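*Asks:* Just to be clear, the model below is a prediction. Sequence and coordinates:
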Amino acid sequence: MRVSSVWAVPERYLAPGWFTRSVFNRAVAGLTRLGISVWGSRILAVRGRKTQQWRTTPVNLLTEGGQRYLVAPRGNTQWVRNIRVAGAGELRVGRRTEPIRVVELADGEKAPVLRAYLKRWRMEVGVFFEGVGPRATDDELLAIAPSHPVFRLTKED
């Protein structure tokens, strides 16, 4: 676990296991590329922060309160690091490509988004949230908020 130089907060990252990486993510990505969204799945494409080459990963797109969000249940993943630098990317389903811009939420803004995310995908990602579920108090959600980056999406200009 690395420590962020800005806030001295441990940067949490849980690497996916073999099954997730080799079977589950590939299956979801394959279906999404064919145009079949699995519970809101999208392929997120972001330029690499060092190579500037497109990097892709399946993500769950959450719509809550008229806004759209990407949540990183595994913490500071490569896609999180890349989109922080790029500030933009693409969401893909089948042949449809949507350019996006993102704004990262402050930890204090994350509780309702994390609650909605857990309500929708707890069976899939609940293990990454340290036992906190959709019925948690705001204080419990705020306690885990620094470990889970959240981005609000806007359309690319």
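*Replies:* Ah, there it is. Numbers count the residues shown, from 1 in each chain.
*Asks:* I'd like to know which elements the helix or strand hosting T97 is packed against.
*Replies:* Here T97 sits within strand 96-104, counting by DSSP states H and E. Helices and strands touching strand 96-104, by 3 or more Cβ pairs under 8 Å, 6 or more residues apart in numbering; DSSP states H and E, are strand 88-93, strand 150-155. In short, each C-beta sits where N, CA and C put it, glycine included.
*Asks:* ok, and what's touching that strand?
*Replies:* Strand 96-104 is contacted by residues 35, 45, 70, 83-84, 87-92, 149-157 when judged by Cβ atoms under 8 Å, 6 or more residues apart in numbering.
*Asks:* Now do the longest strand seen in the chain against strand 88-93, angle only.
*Replies:* If you go by DSSP state E, the chain has its longest strand at strand 54-64. Strand 54-64 and strand 88-93 meet at an angle of 80 degrees, taking axes from the mean of the first three to the mean of the last three Cα atoms, to 10 degrees as the criterion.
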